[in-house]
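**Q** Output the structure for:
(one chain, ligands or ions: 1)
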Amino acid sequence: MQIMKPHVALLASPGMGHVIPVLELAKRLTNHHNLHVTVFVVSSDQNTSVEQLSQLVINSPNEKLLHDVVLLRSDPDMSCLVDPDASIVTKILVMMRVCLPSLRSNISSMKFRPTALIVDLFGTEAMAVADEFEMLKYVFITTNAWYVATSIYTPTVEENVLDDHTNRKLPLKIPGCMPVRFEDTIEPFLYRNDPVFKWYLSLGMDMTKADGVLVNTWEDLESKSLEALRDTKMLGHIAKAPVYPIGPLARPVGPPPVLGNDDVLDWLDKQPAESVIYVSFGSGGTLSSKQMIELGWGLEMSQQRFIWVVRPPSDSDASGSYLTAEKGPAGFSDYLPDGFVDRTHNVGLIVPMWAPQAQILGHPSVGGFLSHSGWNSTLESIMNGVPMIVWPLYAEQKMNAAMLTEEFGVAVRSKEWPSSEMIVERDEIEMMVRRIMVDNEGGEMRYRVKQLKISALKASSQGGSSYNSLSRLAIECESSLQCLKVKAQG
Ligand code: UDP
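**A** Next up, the predicted model:
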């Protein structure tokens, strides 16, 4: 007799920064908690295939493929639905909405219907679909608990508190958590008249209506924010939904994925231990043309070995490559300093557009990471014991970067955050690279980041806090399945 496992559906919004952790979560639920999962991935890219996505999370040739990945394709021509100049968040939200009927009909036609739906931060509108089918509904926040606390708190505060933060540039004080300084604030606060701010308010409210909020963090890393979210005298009375720290969900090192490039790893094999700094701005991060030149000079002047994932500059949008980063190679010499490639060819490797990041960070030759502080990149760096230079560009990256430098002491930063108005100059870049790659300070950070790695491994291993959080989720899904069975029997 076949034993029915609880079935869980996950919904990933477009962009590798969402798809990768959702697939990792699916893998955990399948491999560690014996659930059956179906992952719905919203994509506007007609070239994306299920095989490509599955490859992103495969770490050994024997590993089970995620056979239940379903692509929900949004119309490739979105121009009739959304202004081509709209923000990336607006575009993603429209894509998610367009795919809702398809999600509904997929779920409705399933013989063995899922008992729970897990959506990521852009998918909370799909919680209505979960309600229709009487499923449990969870929100998976692919970033940290401090962000969750900020998002849940914001819709509850008076206008004047928001004005103090966004207009008078005062810190946003969140009960029980680190205040958010204006210079580190998240993007929606900068555009309060934009639809993105409305979405952000609804995200905070939707989270409280879920059966649980899963967060890609772990107890020891963010005990203070997690405690505030549970304490009824701080945020607990508004947080309402239980918060499950389930992280770190970061890709472990394995063979290079299909999108990657073996030459990079061959090159790394020839370099001394911890001698290479890896430079990458995530799946969407884009520098201005002037900043690219300064970064090139700074790397060259530091005289350190480097791998730099280079994509064409944009003078108007720091997230310019977000929905296009996984697409093919591009030329790069036009926007690097004159003669840079020739002068650095002995010490540096340039990778156009996309690199096998999980493998690079896991390589013993890598000793530092100049990162845009996207949360997945941050976790991948921690899980490989690599200290960082933080270079936040958009979304909640400045908060992440502040936490890494000030709270955990595992990263260095520029005096001011880079922006379209604020170019970080070559001397400062040279100094930051030398601080983590050469100076004692870098060694101390490397030690601290390795301690974080140990605490992360403990949390995720059997019996650890994050492992137990997912076990609780699995038990809830199992109970829900049993209830449905009883109901069906009349
Ligand atoms: N990534 C990669 N190769 C690249 C750039 C990014 O594999 O060249 C992966 C990276 O390892 C991470 C994800 O894409 O898992 C980016 O997520 P993150 O949260 O760091 O940033 P986002 O792209 O969402 O801003």
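**Q** Name the nearest residue to the residue of the stretch 51-200 of the chain found nearest the ligand, sequence neighbours excluded.
**A** Going by CB to the nearest ligand atom, the ligand is nearest to residue 142 of the stretch 51-200 of the chain, at 6.9 Å. Every residue, glycine included, has its C-beta placed from N, CA and C. Among residues not flanking residue 142 along the chain, residue 21 sits closest, at 4.4 Å (CB to CB, 6 or more residues apart in numbering).
**Q** gap between the one you found and residue 377?
**A** Going from residue 21 to residue 377 by CB to CB, to the nearest Å gives 11 Å.
**Q** from memory residue 19 sits against residue 41, does it?
**A** Yes - counting by CB atoms under 8 Å, residue 19 does reach residue 41; the two are 5.7 Å apart.
**Q** shared neighbours, the two?
**A** Common neighbours of residue 19 and residue 41 are listed as 12, 53 (criterion: CB atoms under 8 Å, 6 or more residues apart in numbering).
**Q** Between those two, which is the more surrounded one?
**A** residue 19 (25 against 22; other CB atoms under 10 Å).
**Q** The host helix or strand of the more buried one and the ligand in contact?
**A** Using DSSP states H and E, residue 19 falls within helix 16-31. Yes - legend: contact between helix 16-31 and the ligand by CB under 6 Å from any ligand atom is shown at 16-17, 20.
**Q** Between those residues, which sits nearest the ligand?
**A** residue 17 (1.8 Å).
**Q** Contacts only, for the closest one.
**A** For residue 17, the contacting residues are 142, 282-284, 374-376, by CB under 8 Å, 6+ apart.
**Q** Mind pulling up the pLDDT for it?
**A** For residue 17, the pLDDT comes out at 92.
**Q** any weak-confidence spans in the stretch 1-150 of the chain?
**A** For the stretch 1-150 of the chain, the stretches with pLDDT under 70 are 1-3, 55-67, 75-79.
**Q** Can you name the residues that contact the spatially closest residue to residue 8 that is not a sequence neighbour?
**A** Residue nearest to residue 8 in three dimensions, not counting chain neighbours: residue 116, with 4.7 Å by CB to CB, 6+ apart. Residue 116 is in contact with 6, 8-9, 130, 135-138, 211, 473, 476-477, 480, counting by CB under 8 Å, 6+ apart.
**Q** Also residue 476?
**A** Going by CB under 8 Å, 6+ apart, the list of residues near residue 476 reads 116, 136, 211-212.
**Q** ok, back up a step: partner residues bridging the residue nearest to residue 8?
**A** Note on residue 116: beta-bridge partners by DSSP bridges are residue 8, residue 136.
**Q** Distance-wise, check it relative to residue 34.
**A** For residue 116, the distance to residue 34 equals 14 Å [CB to CB].
**Q** neighbours around the closest residue to the ligand within the stretch 351-490 of the chain, how many?
**A** Nearest to the ligand, among the residues of the stretch 351-490 of the chain, is residue 374, at 2.3 Å (CB to the nearest ligand atom). Residues near residue 374, counting by other CB under 10 Å, number 26.
**Q** I figured it hits residue 318, correct?
**A** No - Residue 374 lies out of contact with residue 318 (CB under 8 Å); the separation is 12.0 Å.
**Q** Would you state the strands of the chain in chain order?
**A** 7-12, 36-43, 69-73, 116-120, 136-141, 212-215, 243-245, 276-280, 305-310, 348-352, 366-371, 388-390, 411-413 (DSSP state E).
**Q** would you turn those into CSV with distance to residue 153?
**A** Formatted as CSV, the strands of the chain follow (distance: least, CB to CB, whole Å):
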stretch, distance to residue 153
strand 7-12, 25
strand 36-43, 28
strand 69-73, 32
strand 116-120, 20
strand 136-141, 14
strand 212-215, 13
strand 243-245, 13
strand 276-280, 32
strand 305-310, 35
strand 348-352, 40
strand 366-371, 27
strand 388-390, 24
strand 411-413, 25
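**Q** out of the ones you listed, which comes closest to residue 467?
**A** Smallest distance to residue 467 across the strands of the chain (CB to CB): 10.7 Å, for strand 243-245.
**Q** ok, and the closest non-adjacent residue to residue 414?
**A** residue 424 (4.6 Å).
**Q** what's the burial count for that neighbour?
**A** 22.
**Q** Enumerate the residues of this structure near the ligand.
**A** Near the ligand, when you scan the chain using CB under 6 Å from any ligand atom, you find 15-17, 20, 280, 282-284, 309, 354-355, 357-358, 374-377, 380.
**Q** follow-up on the earlier one: just tell me which of the strands of the chain ends up closest to residue 468.
**A** Of the strands of the chain, the one closest to residue 468 (CB to CB) turns out to be strand 243-245, at 9.3 Å.
**Q** strand partners of that closest one, parallel vs antiparallel please.
**A** strand 212-215 (parallel).
**Q** Let's test this: mean pLDDT of the partner strand, rounded?
**A** The model assigns strand 212-215 a mean pLDDT of 98.
**Q** Restricting to C-alpha, output it in PDB.
**A** The C-alpha trace of strand 212-215 is given here as PDB (Å, rounded to 0.1, in the frame of the first residue of the first chain):
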ATOM      1  CA  GLY A 212       3.400  31.000   9.500                       C
ATOM      2  CA  VAL A 213       6.300  33.100   8.300                       C
ATOM      3  CA  LEU A 214       9.500  31.200   7.300                       C
ATOM      4  CA  VAL A 215      12.700  33.200   7.400                       C
END
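**Q** what bits of the stretch 301-450 of the chain have low per-residue confidence?
**A** 320-331.
**Q** in it, which spans are helices?
**A** Along the stretch 301-450 of the chain, counting by DSSP state H, counting those that start in this stretch, helices occupy 340-344, 357-361, 375-383, 397-402, 426-437, 440-460.
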